[in-house]
Structures are given as structure tokens and as C-alpha cells.
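In: Could you work out the structure for the sequence below:
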Amino acid sequence: MLDIKNGVQKLDHCASVLKAIAHPLRIAIIELLEEHEKLSVSEIHEKLGVEQAVASHHLGILKNKGVLISYRDGKNMRYELKHRQIIQIIEIMDRCSSI
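Out: Numbering: from 1, shown residues only. Okay, the predicted model is just below:
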């Protein structure tokens, strides 16, 4: 019985991560972090051309779902992908949408 419970919890977590990345701006953030590895909120909002508060909001969602990690670098918070393999999900979806 314990294995079923753990399996359901794992699937719930996977669904939660997929929901977190299922937003165009969040996908753009993930792709930026794949390219640049570590970026501050300021760098992300400038590169994407969105308000800093908007970038911070979406970064928070991705961090809370375990997609990103962050650390303080002086006055700035820097973000990076927790698992670089997450980009493979986006690549697969991109291939599926071009079918």
C-alpha cells in the first residue's frame, strides 16, 4: 500500500511542476537560464522586457515548485535551474507542437 501512496505523491509532484512551467513567460525564463546558467531578477526582466515585479512573481512560482534554486549574491538574488533536464520537457513539447 505504501508504494501506491508514494507513486501518487510522485505523480502529484510531477503534475505540479508541469503546471508551473506551463506558462509562456516561465518557459522563456527556463530557456534564458539554460543559455546563461545564472541570472539575477534584473537581468531576467531586462532580457525578457517585462516589469521586474512580473519576473519576480514567475521566478517565485518556479522556485516554489522546485524548478529553480536561488541564492544571494551581494544585493541581488541569482537564479539557476535546479535540474537542467527540465529543458528536455520544453524541447519535447516544442517538437510535438510542430507535428
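
In: low-confidence ranges in the chain?
Out: 1-2, 98-99 (pLDDT under 70).

In: Helices along that one, start to end?
Out: Using DSSP state H, the helices found in the chain span residues 2-21, 24-36, 41-48, 52-64, 86-97.

In: quick check: angle from the fourth one to helix 41-48?
Out: Orientation check (axes from the mean of the first three to the mean of the last three Cα atoms, to 10 degrees): helix 52-64 against helix 41-48 gives 110 degrees.

In: Over to the longest one?
Out: With the same axes, to 10 degrees defining the directions, helix 2-21 sits at 60 degrees from helix 41-48.

In: thinking again about what came up before, in a markdown table, list the helices of the chain along with mean neighbour count and distance to residue 71.
Out: Glycine gets a C-beta too; all of them are placed from N, C-alpha and C. Below are the helices of the chain laid out as a markdown table (neighbours: other Cβ atoms under 10 Å; distance: least, Cβ to Cβ, whole Å):
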| stretch | mean neighbour count | distance to residue 71 |
| --- | --- | --- |
| helix 2-21 | 11 | 20 |
| helix 24-36 | 16 | 13 |
| helix 41-48 | 17 | 12 |
| helix 52-64 | 16 | 11 |
| helix 86-97 | 12 | 18 |
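
In: Please produce JSON lines containing those, extended by distance to residue 80.
Out: Output for those, formatted as JSON lines (distance: least, Cβ to Cβ, whole Å):
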{"stretch": "helix 2-21", "distance to residue 80": "15"}
{"stretch": "helix 24-36", "distance to residue 80": "6"}
{"stretch": "helix 41-48", "distance to residue 80": "11"}
{"stretch": "helix 52-64", "distance to residue 80": "10"}
{"stretch": "helix 86-97", "distance to residue 80": "11"}
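
In: Which among those helices is found nearest to residue 74?
Out: Closest approach to residue 74 among the helices of the chain (Cβ to Cβ): helix 41-48, 11.9 Å.

In: Provide the contact partners of stretch 35-53 at residue level.
Out: 25, 28-29, 32-33, 54-56, 59, 73, 76-81 (Cβ atoms under 8 Å, 6 or more residues apart in numbering).

In: now that stretch: how far from the chain's centre is it?
Out: 13 Å (Cα atoms, centre = their mean, to the nearest Å).

In: Many thanks, we can stop here.
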